[in-house]
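Engineer: turn this into a model:
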Amino acid sequence: KVLDASTLSFGTRVRWFAICFIAGVVCSILGTSLLWLPKGIKLFAVFYTLGNIAALASTCFLMGPLKQLKAMFEPKRLIATLVMLLFLLLTLCAVFWWNKKGLALLFCMLQFLAMTWYSLSYIPFARDAVIKCFSSCLG
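Structural biologist: Residues are numbered from 1 along each chain as shown. Model prediction:
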């Protein structure tokens, strides 16, 4: 029953969602501010990635972990989920194993875009609106 969100009261679920989401935002902002320190790229990549993971995990409190995982891997967001997880992993690989700062920054930007595209999949017609907007801007 631990993996079911309904074991927690609605107020508790909302509170923990907010705590995780705010922690995610704080981690991302902290990581960005650490970017300018010597060797700050590693701190940036770690905190930015942890921030995205915390923000993603926050919705587990609203939906429950199993329902969240099922939703993440539904056909309509499967590619977005895999791309997002890939860039989370590649960001950490770039700073810890490959020691490539530029690549880490690129992966963080791609992480942001992948997370945004993934998040839009939960809002009806949001992806279609974004595609239409970019199509009209590009001619």
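Engineer: switch to C-alpha atoms for all contacts and neighbour counts from now on
Structural biologist: Noted.
Engineer: where's the residue nearest in space to the middle of the chain, which helix or strand?
Structural biologist: The residue lying closest to the centre of the chain (C-alpha atoms, centre = their mean) is Asn52, at 3.6 Å. Secondary structure from DSSP states H and E places Asn52 in helix 40-63.
Engineer: check which helices and strands the helix or strand following that helix sits against.
Structural biologist: Stepping forward along the backbone from helix 40-63, the first helix or strand reached (DSSP H and E) is helix 65-72. Other elements packing on helix 65-72 under the criterion 3 or more C-alpha pairs under 8 Å, 6 or more residues apart in numbering; DSSP states H and E are helix 40-63.
Engineer: can you pull the poorly scored residue ranges out of this protein?
Structural biologist: Applying pLDDT under 70 to the chain picks out residues 1-6.
Engineer: recalculate using a threshold of 80.
Structural biologist: Low-confidence segments of the chain, defined by pLDDT under 80: 1-8, 39, 139.
Engineer: in contact with the residue nearest to the centre of the chain, which residues?
Structural biologist: When contacts are counted by C-alpha atoms under 8 Å, 6 or more residues apart in numbering, Asn52 touches 24-25, 28, 115.
Engineer: how about the residues you listed in TSV, adding neighbour count?
Structural biologist: What follows is the contacts of Asn52, written out as TSV (neighbours: other C-alpha atoms under 10 Å):
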residue	neighbour count
Gly24	24
Val25	19
Ser28	23
Met115	22
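Engineer: now, which of these lie within strands?
Structural biologist: Among the contacts of Asn52, no residue falls in strands (DSSP state E).
Engineer: next step: those residues restricted to helices.
Structural biologist: Among those, the ones falling in helices (DSSP state H) are 24-25, 28, 115.
Engineer: in JSON lines, list those residues along with distance to Leu88.
Structural biologist: What follows is those, written out as JSON lines (distance: C-alpha to C-alpha, whole Å):
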{"residue": "Gly24", "distance to Leu88": "14"}
{"residue": "Val25", "distance to Leu88": "16"}
{"residue": "Ser28", "distance to Leu88": "13"}
{"residue": "Met115", "distance to Leu88": "10"}
